[in-house]
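A.B. asks: got a predicted model here, sequence first, then my questions.
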Amino acid sequence: MDPLKEVSQKMDEIIAQVKDEFSRIRGNRPTTRLIEQIKVSYMGCESQINHVATLGIQPPRDIIVSPWDKSVIQNIVKAVEEEGLGLGVSNDGAVIRFTLPELTGERKAELVKLIKSIAEDNRIKMRAARDKSVKELNSLPEDQKFKGKENLQKLVDDFNERIDKLLEEKTAELEA
């Protein structure tokens, strides 16, 4: 396979992974992504919350969970509390309301540090993919090698711009 295509595919995979990781980090706005992967005990099996209930948002800070079977309400509350997200819980017997507390300045700083760390870890993955491609390009004739390295650098620059943009957006979301 063409080394540039491999790097391009790897770049897209990494960008998708970064977006997914960033979406799981709590901002000042509620998102169902915070809890949808949490496992709940239901009928003797472990199921994700989004498989046993409807999830929704009620601005400004509430996540609404409407279980399809009311007998699972206590299990959902217990599972979310055990996750340690620090959400306030209100249960009216039919619907569960999880309230996100206001982010403190200290917590915002911790989250910004975390997203910067995630971004840097993924830049390292991209550099490893770039290095692998450079080794493959070095085996090509001189003119193809030069052109290939030039195109590879353009891909890496584009990747870094996309990561910077995602980092900037998530930081702005945390500061909002």
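C.D. replies: Everything's here; your move. Residues are numbered from 1 along each chain as shown.

A.B. asks: which SS state does residue 140 fall under?
C.D. replies: Following DSSP: H, G, I helix; E, B strand; the rest coil, we place residue 140 in the coil state.

A.B. asks: got the contact list for residue 4?
C.D. replies: Residues in contact with residue 4, defined by C-beta atoms under 8 Å, 6 or more residues apart in numbering, are 133, 148, 151-152, 155. All C-beta spots, glycine's among them, are computed from the backbone N, C-alpha and C.

A.B. asks: give me that answer again for 6 Å
C.D. replies: Residue 4 makes contact with residue 151 under the criterion C-beta atoms under 6 Å, 6 or more residues apart in numbering.

A.B. asks: go on, residue 112?
C.D. replies: residue 171.

A.B. asks: what helix or strand does it sit in?
C.D. replies: Under the criterion DSSP states H and E, the helix or strand holding residue 112 is helix 105-137.

A.B. asks: how far off centre is that helix?
C.D. replies: Remark: helix 105-137 is offset 13 Å from the chain centroid, using C-alpha atoms, centre = their mean, to the nearest Å.

A.B. asks: and if you look at stretch 120-140?
C.D. replies: Stretch 120-140 has its C-alpha centroid displaced from the chain centroid by 24 Å (C-alpha atoms, centre = their mean).

A.B. asks: list the buried residues in it.
C.D. replies: Within stretch 120-140, the residues scored as buried using 16 or more other C-beta atoms under 10 Å are 122-123, 126, 129-130, 133-134, 136-137.

A.B. asks: what mean pLDDT does it get?
C.D. replies: Confidence over stretch 120-140, taken as the mean pLDDT, stands at 91.
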